[in-house]
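In: Following is a predicted model, sequence given first.
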Amino acid sequence: MTHLFRILFLLISSLIMIGCSSGVGLVCEDSNQYSGSVEMPPLIIPDDLSIPSEEDVLRIPEILDPDKDIVLTGPCLESSPDFYES
């Protein structure tokens, strides 16, 4: 019976410690991953295939001031950028 209590105690205490971890060292993404990316020309669709609809394509916002440094307050964005602003 004491063996069962030990296992339950270790299991519960392990779950509590895992759930209350500080998250130190967690990184969302490498910040330089896409820094050298360039825009590619549109794909050439063969004649025997249909062209996909571009109505629901996600619009990537333009960078208004490319010389301005973007400063983040943490390793991740709190919310995604507004892709639908006018």
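Out: Great, that's in hand.

In: residue boundaries of the helices in this structure?
Out: 2-19 (DSSP state H).

In: remind me which residues of it are low pLDDT?
Out: 19-31, 70-86 (pLDDT under 70).

In: Quick one: residues contacting Glu62.
Out: For Glu62, the contact set (Cβ atoms under 8 Å, 6 or more residues apart in numbering) is empty. The way it works is simple: take the backbone N, C-alpha and C, and place the C-beta from them, glycine included.

In: Kindly report the same for His3.
Out: No contacts exist for His3 under Cβ under 8 Å, 6+ apart.

In: Look up how far Ile18 lies from it.
Out: Distance, His3 to Ile18, by Cβ to Cβ, to the nearest Å: 23 Å.

In: Name all residues that make contact with Asp56.
Out: With Cβ under 8 Å, 6+ apart, Asp56 has no contacts at all.

In: how much space between it and Pro66?
Out: Taking Cβ to Cβ, one finds Asp56 at 28 Å from Pro66.

In: now do Arg6
Out: If you go by Cβ to Cβ, the gap between Arg6 and Pro66 works out to 61 Å.

In: Looking only at neighbour counts, state which of those two leads.
Out: The neighbour comparison of Arg6 against Pro66 (other Cβ atoms under 10 Å) goes to Arg6, with 10 against 6.

In: Nothing else from me, thank you.
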